[in-house]
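Student: Fold the following for me, if possible:
(chains A and B)
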Amino acid sequence: MLTNKEIKKINEIKSHYPDEKAALLPLLWIIQEKYGWISEEAMRYAGDLLNIPYEQVLGVATFYTMFNKKPTGKFHLQVCTNVSCMLRGGYELFKYIEDKLKSENSESLFTIEEVECLGSCATAPMMQVNNKEFYENLTKEKVDEILEYFRKSTKKEN
Amino acid sequence: MVKIILKDIHNLHKIDVYESNGGYKALKKAVKKMKPDEVIEEVKKSNLRGRGGACFPTGLKWSFMPKGNEKPKYLCCNGDESEPGSFKDREIFEKNPHQFIEGTLIACYAMGVKTAYVYIRGEYYKWIKLLQKAINDAYKEGYIGEKIFGTKFSADIYIHKGAGAYICGEESALMNSIEGKRGYPRVKPPYPAKNGLWGNPTTINNIETISNIPEIINKGGDRFASVGAPKHPGTLLFGVSGHVNKPGVYELETGIPLMTIINDYCGGVLDGKEIKMVIPGGTSMPPLTKEECMTIKMDDASLKKIGSGIGTAGVIVMNEDTDIVKVLIRITKFYYHESCGQCTPCREGCGWMLRLLKRIDEGKGRMEDIDMLVNVANNIEGNTICAFGEAAALPVKWTIKKFRKDFEARIKEVDLKLPPKNIVHALR
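Tutor: Sure, this is the predicted structure:
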């Protein structure tokens, strides 16, 4: 499931803690970065690597919302709708993207999710993509541009 | 205005710029010229209070750590920052990470800690990278690691990335999360200073709190204590969002009038409208009415006097067109989603509050629902392991207390004559 290089990285992380079990969150992050989500197989693998029972790994993986328990589209759009974003049109934006994806039939490429405050309240409304970059001060036009850019970037790859 | 953390120095995030502006001098002074107890005394003198919301005196907290080295001791720096309306710590990671690192090292020295963990929320992908770069640079220059400044003092700093759980900002949940467990808060006592990470003495401080430490060591505790409000001295990073013209993070002295922040720094309320409600310190703090906003000063004591609190200084401004019922639904939905599920009053109560609020909003509410909401909130408050219960209950109780007529109007289906623009805020 992981390469030798990745195992080495985990061993390095283990050395930060007196107890290797503490490396569970970092390990799940590495798996998710690589596969995009965390399968049952991955959880069993993580448990074996750190001597943690599978049930406990499942408990941890399901507790934290950022760990995907099922595959997402290539682009996971996480739109904040908490108070500060809501006051600046967060829900309007969410609905706009949702409708747009439906009408364009691109739900396999994009997964949209409503998320809680991402700590970007001064630049609302905003979204995060694939748990990485923040896209802030969004307008409908900006969203159109961003989605178009993503779409083009996948075409190039193909 | 005094600036302690977000100084106007170009490229301050780079280690050479930080050094040439007096960076890491406080660390040198502390480890070479001061005893650990003297550092704690200086912090006590400064009257620095925690910036995570509880306003606990930092020096006192540090003095709870046992002396001696029978057990390893730990420091956790809390950068979980998930309170809606708070976005100050990311500003520190981006603009002045080395001052935070220097503060962490001084704290380690004062308490005899060899390992510090910086817990940062998983969503802060960019800021984790920025801080990691700063930590790597500090390792290279010998500020972190073995035998710092040629003394016996050694310390390591590691970043621990969260994965999307508001509750991990609670100190004992944070420790469980570092240990690789679900983020469940622990029953206190025992307190972390006695029984923290892996059963060892641990102190948990907010990122902003720690970032103030170098200034205190450099210029002295007395000088720090003279800035801002006497009982809550220093500066705060006010994160202002919502209906203002220039939202953002502003470092201002404590005790500054709220209206000065809104009008002089944030360019006033959006579209020149009137204020309806302001949340002064993140959504768990009880809101303020327009009248209260006009006179309130932004420090812990002043806000406590009127039943609110400074929290994380995340100010959310709402104009006269705001639908208060919908805002409260959104806040309650957040707490319903984020409750860790350990304590029944919180796990079930948040759901009940949300359902009652939705019923009112849909026009199916009854007058007694309003008091039932307060009743449910009262049954959560004080009946949970951690302070999350209060965080969920207080906004409901106080919003109803201060804006009751908005709720009554929704039940009676009286049109509050909010402009059509307000429909934008409709909830799914």
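Student: and stretch B:271-291, does that touch chain A?
Tutor: Yes - Stretch B:271-291 reaches chain A (Cβ under 8 Å from any Cβ of the partner chain) through B:279, B:283. For the C-beta atoms, the positions are set from N, CA and C on the backbone; glycine is no exception.
Student: brain fart, stretch B:95-103
Tutor: No - Stretch B:95-103 does not reach chain A (Cβ under 8 Å from any Cβ); its nearest approach is 14.0 Å.
Student: wait, does the longest helix seen in chain B contact chain A?
Tutor: As assigned by DSSP state H, the longest helix anywhere in chain B is helix B:344-361. No - Helix B:344-361 stays clear of chain A (Cβ under 8 Å from any Cβ), getting no nearer than 13.4 Å.
Student: downstream neighbour of that helix in the secondary structure list?
Tutor: Following helix B:344-361 in sequence order, the next helix or strand is helix B:367-380 (DSSP states H and E).
Student: Alpha carbons only: can I get that following helix in CSV?
Tutor: Backbone C-alpha positions of helix B:367-380 (Å, rounded to 0.1, in the frame of the first residue of the first chain) are rendered in CSV as follows:
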residue,chain,number,x,y,z
MET,B,367,-44.8,30.4,21.4
GLU,B,368,-43.7,28.0,24.1
ASP,B,369,-41.0,26.7,21.8
ILE,B,370,-38.9,29.8,22.7
ASP,B,371,-38.8,29.0,26.3
MET,B,372,-38.3,25.3,25.5
LEU,B,373,-35.2,26.3,23.6
VAL,B,374,-33.9,28.2,26.7
ASN,B,375,-34.8,25.2,28.8
VAL,B,376,-32.8,22.8,26.6
ALA,B,377,-29.8,25.2,26.6
ASN,B,378,-30.0,25.4,30.4
ASN,B,379,-29.8,21.6,30.6
ILE,B,380,-26.7,21.5,28.4
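Student: got the angle between that helix and helix B:344-361?
Tutor: 160 degrees (axes from the mean of the first three to the mean of the last three Cα atoms, to 10 degrees).
Student: Now the stretch 1-150 of chain B against chain A: closest residue?
Tutor: residue B:84 (3.9 Å; Cβ to the nearest Cβ).
Student: Just give the nearest non-adjacent residue to that residue, would you?
Tutor: residue A:117 (3.9 Å; Cβ to Cβ, 6 or more residues apart in numbering or on different chains).
Student: which bits of the stretch 201-350 of chain B sit near chain A?
Tutor: For the stretch 201-350 of chain B, the contact set with chain A under Cβ under 8 Å from any Cβ comprises B:239-243, B:247-249, B:279, B:283, B:314, B:316, B:318, B:322, B:326-327, B:330-331, B:334, B:337-338, B:340.
Student: The host helix or strand of residue A:33 near chain B anywhere?
Tutor: In this assignment (DSSP H and E), residue A:33 forms part of helix A:24-35. Yes - Helix A:24-35 is in contact with chain B by Cβ under 8 Å from any Cβ, via A:24-26, A:28-29.
Student: Who does the strand ranked longest in chain B pair with, and is each partner parallel or antiparallel?
Tutor: In chain B, assigned by DSSP state E, the strand with the most residues is strand B:235-242. Here strand B:235-242 is paired, per DSSP bridges, with strand B:248-253 (antiparallel), strand B:314-319 (parallel).
Student: All set now, cheers.
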